[in-house]
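>>> pasted the sequence and its predicted model underneath.
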Amino acid sequence: MSINENRLDDNLRTEPRLPHDEVIYVEFLTPGAFEKDDLGPAVRSSQTIDISANGIQVRVLEPLRVGAIIQICIVRERTGERFELAAEVRWQKRLPGSSGYLTGLAFFESDDTSIAEWKLAVSSMLSDDAAEHVHG
């Protein structure tokens, strides 16, 4: 079974996490990213659980291959911003009582991606979140 029930990797992050509840559209550009071979490059609606500069935790319907290196394009529903990123599927856990999986993706530094723009966007979200807690 390739679904990792152990979320130890989730506790190894070195940067701040931002609890973040937003619908995003993830375009999986890499064939074979899903456990079912017939699900190739496809756009999937996902919901963020938390984000950081170097990764994201999302809820997805179909299981991904743990350890797979994938090319993804994240489109934020709220802003329309697009980020093309390279990621590794670090861990995955089936959600009890529902159809879906909690999945951790770790992003890679690469010149051919939007990682710098992603990090700026996350930094801005962290600043906005801190401001809301101070003023709200």
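On my side now, so go ahead. Numbering: from 1, shown residues only.
>>> show me what the lengthiest strand in the chain packs onto, helices and strands only.
Ordering each strand of the chain by length in residues (DSSP state E) puts strand 82-94 first. Using 3 or more CB pairs under 8 Å, 6 or more residues apart in numbering; DSSP states H and E, the elements in contact with strand 82-94 are strand 55-60, strand 69-76, strand 101-107, helix 115-135. Every residue, glycine included, has its C-beta placed from N, CA and C.
>>> okay, now the sheet partners of it, with direction.
Within its sheet, and counting by DSSP bridges, strand 82-94 is paired with strand 69-76 (antiparallel), strand 101-107 (antiparallel).
>>> contacts for the longest one, please.
Taking CB atoms under 8 Å, 6 or more residues apart in numbering as the criterion, the residues outside strand 69-76 that touch it are 22, 24-30, 33, 56, 64, 81-89, 105, 108, 118.
>>> pLDDT on that strand, on average?
Taken as a whole, strand 69-76 has a mean pLDDT of 83.
>>> do the shortest one as well
Mean pLDDT, strand 101-107: 93.
>>> please name the strands paired to the helix or strand where residue 51 lies in the sheet, noting orientation.
In this structure, residue 51 sits in strand 42-52 according to DSSP states H and E. Sheet pairing of strand 42-52 (DSSP bridges) gives strand 18-19 (antiparallel), strand 23-28 (antiparallel), strand 55-60 (antiparallel).
>>> tell me which of those strands is the most buried.
Most buried of those, by mean neighbour count (mean count of other CB atoms under 10 Å): strand 55-60, with a mean of 22.
>>> in the protein, where is pLDDT below threshold?
Along the chain, segments meeting pLDDT under 70 span 1-22, 29-43, 128-136.
>>> go again using 50 as the cut-off
The chain contains residues with pLDDT under 50 at 1-10, 132-136.
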